[in-house]
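Participant: Could you work out the structure for the sequence below:
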Amino acid sequence: MAIAIPQVVRELVAEYRRFLRTSYRFLDEHLRRQFEEHLAQVDVVVKGPYVTLAREFERSSTLTELVASGHLSPELLQANWLFGQERLFRHREKALEIGRAGRCFVVTTGTGSGKTEAFLLPVLDGILRRKREGVGGFRLFSSTP
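Facilitator: Numbers count the residues shown, from 1 in each chain. The predicted model follows:
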């Protein structure tokens, strides 16, 4: 099967434009509109060609599936996550599992792989679970007895 390089490049640029449009959130409506208009009109979004040998990140469950299985607080579905109903990357789900167990973790992975969400999901889930349990306020932890 022959690969139509010009078509692949157009699709890649369109995907990159979508990535840029969804990665930068402007609180100011005017700035957001300007950014999106500029992005739609500009001929060159990137200078290339660029080739990467990075593999796709492994996918696992969706947030909805994690809630249904009892591994995630249902309230987290109310947040407007950028990844929506897509399957989470495996390292996000693993971080959630480790965080729910009360253990510390470090996530080291490539750019755009969701390290921020890997941190936020267990933190927000823990806050919501504690709120449901009636725990209020905050607690300071000390390493000294």
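
Participant: Report the contact partners of the spatially most central residue of the chain.
Facilitator: Compute the mean C-alpha point of the chain, and by CA atoms, centre = their mean the closest residue is Gly114, 4.1 Å away. The contact partners of Gly114, by CB atoms under 8 Å, 6 or more residues apart in numbering, come to Phe57, Phe83, Leu88, Phe89, His91, Arg92. Quick note: C-beta positions are derived from backbone N, CA and C, even for glycine.

Participant: try 7 Å
Facilitator: Phe89, Arg92 (CB atoms under 7 Å, 6 or more residues apart in numbering).

Participant: burial of Trp81, as a residue count?
Facilitator: 16 (other CB atoms under 10 Å).

Participant: Equivalent analysis for Ile3, please.
Facilitator: Per other CB under 10 Å, the neighbour tally for Ile3 reads 6.

Participant: Domains in this structure, by residue range?
Facilitator: The chain breaks down by automatic domain parsing into domains covering 5-41, 63-132.

Participant: Which helix or strand contains the closest residue in space to Ser69 that isn't next to it in sequence?
Facilitator: Excluding the flanking residues, the one nearest Ser69 by CB to CB, 6 or more residues apart in numbering is Ser61, at 7.6 Å. Here Ser61 sits in a region with no helix or strand, counting by DSSP states H and E.

Participant: which residues sit in contact with Ser61?
Facilitator: If you count contacts by CB under 7 Å, 6+ apart, then Ser61 has Arg87, Leu88, Glu93 around it.

Participant: looking at the domains of the chain, which has the lowest confidence?
Facilitator: Note on the domains of the chain: lowest mean pLDDT is at domain 5-41, with a mean of 82.

Participant: What is the end-to-end distance of that one?
Facilitator: 22 Å (CA to CA, to the nearest Å).

Participant: That one: which residues count as buried?
Facilitator: Across domain 5-41, burial judged by 16 or more other CB atoms under 10 Å covers Arg17.

Participant: any idea how far that domain is from the chain center?
Facilitator: 18 Å (CA atoms, centre = their mean, to the nearest Å).

Participant: before we move on, back to that, Leu121 versus the residue nearest to the centre of the chain, what's the distance?
Facilitator: 9 Å (CB to CB, to the nearest Å).
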